[in-house]
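[1] Predicted model, plus sequence, below.
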Amino acid sequence: MADTLAPPERATGTPAPPRRRRDRLVPAAALAWLALLLVEWAADGRIWLGHLVGIVPPAVFALVPLGLAALAPLARGAARWRSLAAAGLALVLGFGQSGFDPAALWRAEPRPGPDAVRVFAWNTNSWNQLLGTQDHFYAFLRAKDADVYLLHEYQHVTADRKGKLPVDDLARLRREFPGYQVAVRGELVTLSRFPILRQPAVGPARAVPPGADWATEYRENKVLRTDVLVGGRAVSFYNVHMPVWNSMPDGLLSAAFYRHMRERFAPRRAQYEGLEADLAANRNPVVVAGDFNATAAMSDLDPLRERLDDAAEVSTDPYPTSWEEGGWKPFWRTDWAFTGNGARAERYAFGAPEKLSDHAVQDLWVSLPGSG
């Protein structure tokens, strides 16, 4: 009688069956994303390398865990449930960083009241030095017919685009906007149909001595607060252009990129802390708008988002983005607007810059206490 043959053993090192590999890989991927999210939370805002999260389109903080949850059924039994649990926790923890606002899908189109103040905030891309013409630039600004303009990059750049140069366009500004009052500090310009009461320095700008050179004014003045008289009361408008944290032209693989990150971390933090401290002490209705060089994924904005109302809460765009408008479809919102102390956004939208800038424009209508 022939001997019964036992099934051959699988040789050592033979790959596991695909099903078993999926049981390991799917939960491992979900847990890895969750671990990465926790590391990012620990680093962002505390060490300069944490700013690398700004490279990532914020949408990934929702799309990645959703994708991992969709893959969970490929695993079996406990592995499937571990995958779903890790992906679900990552989605809950990271959704606030995603920039998504699902409520915008059913939000009614806002209709500003007759007393709403229209605010226009925009990064002008080196005062239109690089794109378009000056006539187009000023016609574009005038057509917005805003009550208050918060404009950044009132400057030119050197031929290699690494240096900044002052410009003097005040005469034309006053011709183009008769009846407006003008406030200028460094690279920031605020135009107001309302009387300007005062322009208190904010943050590091408070240490700038009178008569300082333009380079110092440019470096230290990243927040221009202008108190104006609206309807018999003072309202504070904050024109913001925070220092950029990266040097993308150098590339992620260059030492210069990381040197720039390290050197900018403390000055940038000082500007944010100065703005936060000034807002904490200000009892006026406030409107804060500009280019913050921060995305929804970055912690820089957290104190502002906790203290003030994001104007996007009245927007009908479920994923608002503002940069880079001049190139491919943008995935980042780096331009923000906030209101507080009784000032409320009634309508908020990003608008096309008509190829004059790589930033979209911010159109904001604000109601003030006692108006309407």
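    Yes, it's here. Residues are numbered from 1 along each chain as shown.
[2] For the rest of this, base every contact and every neighbour count on C-alpha atoms.
    Fine.
[3] Any stretches of the protein with poor pLDDT?
    For the chain, the stretches with pLDDT under 70 are 1-20, 22-23, 132, 325-329, 371-372.
[4] show me where it has strands.
    Ranges of strands in the chain, per DSSP state E, are 117-123, 148-152, 156-157, 164-165, 181-185, 188-192, 196-198, 223-230, 233-241, 286-291, 309-310, 335-340, 344-351, 361-367.
[5] TSV please, covering those and showing mean neighbour count and distance to Gln271.
    Converted to TSV, the strands of the chain look like this (neighbours: other Cα atoms under 10 Å; distance: least, Cα to Cα, whole Å):
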stretch	mean neighbour count	distance to Gln271
strand 117-123	24	18
strand 148-152	25	15
strand 156-157	18	22
strand 164-165	16	19
strand 181-185	18	15
strand 188-192	22	14
strand 196-198	16	20
strand 223-230	23	8
strand 233-241	24	10
strand 286-291	26	13
strand 309-310	20	19
strand 335-340	24	16
strand 344-351	22	24
strand 361-367	23	22
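[6] May I see these organised as JSON lines, with distance to Ala59 added?
    JSON lines is the format used below for the strands of the chain (distance: least, Cα to Cα, whole Å):
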{"stretch": "strand 117-123", "distance to Ala59": "23"}
{"stretch": "strand 148-152", "distance to Ala59": "27"}
{"stretch": "strand 156-157", "distance to Ala59": "32"}
{"stretch": "strand 164-165", "distance to Ala59": "33"}
{"stretch": "strand 181-185", "distance to Ala59": "35"}
{"stretch": "strand 188-192", "distance to Ala59": "31"}
{"stretch": "strand 196-198", "distance to Ala59": "40"}
{"stretch": "strand 223-230", "distance to Ala59": "28"}
{"stretch": "strand 233-241", "distance to Ala59": "24"}
{"stretch": "strand 286-291", "distance to Ala59": "19"}
{"stretch": "strand 309-310", "distance to Ala59": "18"}
{"stretch": "strand 335-340", "distance to Ala59": "16"}
{"stretch": "strand 344-351", "distance to Ala59": "18"}
{"stretch": "strand 361-367", "distance to Ala59": "21"}
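[7] which residues of the chain fall in helices?
    18-43, 60-71, 77-94, 125-128, 134-144, 170-176, 214-220, 255-281, 302-307 (DSSP state H).
[8] can those go into JSON lines with extra columns for distance to Pro204 and mean neighbour count?
    Below are those laid out as JSON lines (distance: least, Cα to Cα, whole Å; neighbours: other Cα atoms under 10 Å):
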{"stretch": "helix 18-43", "distance to Pro204": "25", "mean neighbour count": "17"}
{"stretch": "helix 60-71", "distance to Pro204": "33", "mean neighbour count": "19"}
{"stretch": "helix 77-94", "distance to Pro204": "32", "mean neighbour count": "19"}
{"stretch": "helix 125-128", "distance to Pro204": "23", "mean neighbour count": "21"}
{"stretch": "helix 134-144", "distance to Pro204": "30", "mean neighbour count": "13"}
{"stretch": "helix 170-176", "distance to Pro204": "25", "mean neighbour count": "12"}
{"stretch": "helix 214-220", "distance to Pro204": "6", "mean neighbour count": "17"}
{"stretch": "helix 255-281", "distance to Pro204": "6", "mean neighbour count": "17"}
{"stretch": "helix 302-307", "distance to Pro204": "18", "mean neighbour count": "13"}
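[9] Out of the ones you listed, which gets nearest to Val240?
    helix 255-281 (9.1 Å; Cα to Cα).
[10] That closest one: how far from the chain's middle?
    Relative to its chain's centre, helix 255-281 lies at 14 Å (Cα atoms, centre = their mean, to the nearest Å).
[11] that older thread, would you tell me which of the strands of the chain gets closest to Ala103?
    Closest of those to Ala103 is strand 309-310, at 13.8 Å (criterion: Cα to Cα).
[12] how close does Phe237 get to Arg347?
    17 Å (Cα to Cα, to the nearest Å).
[13] Oops, could you answer that again for Asp291 instead?
    When distance is defined by Cα to Cα, Asp291 is 19 Å away from Arg347.
[14] same check, this time on Ala337
    According to Cα to Cα, Ala337 stands 11 Å off from Arg347.
[15] on that earlier part again, want to throw the helices of the chain into a markdown table with distance to Asp317?
    Shown next, in a markdown table, are the helices of the chain (distance: least, Cα to Cα, whole Å):
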| stretch | distance to Asp317 |
| --- | --- |
| helix 18-43 | 26 |
| helix 60-71 | 16 |
| helix 77-94 | 20 |
| helix 125-128 | 24 |
| helix 134-144 | 20 |
| helix 170-176 | 32 |
| helix 214-220 | 34 |
| helix 255-281 | 27 |
| helix 302-307 | 18 |
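[16] Identify whichever of those lies nearest to Ile196.
    helix 170-176 (15.0 Å).
[17] Only C-alpha atoms, please: export the closest one in PDB.
    Output in PDB follows, covering the C-alpha atoms of helix 170-176 (Å, rounded to 0.1, in the frame of the first residue of the first chain):
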ATOM      1  CA  LEU A 170       1.000 107.600  -3.500                       C
ATOM      2  CA  ALA A 171       0.300 110.400  -6.000                       C
ATOM      3  CA  ARG A 172      -1.500 108.100  -8.400                       C
ATOM      4  CA  LEU A 173      -3.300 106.300  -5.500                       C
ATOM      5  CA  ARG A 174      -4.800 109.600  -4.400                       C
ATOM      6  CA  ARG A 175      -5.700 110.500  -8.000                       C
ATOM      7  CA  GLU A 176      -7.400 107.100  -8.600                       C
END
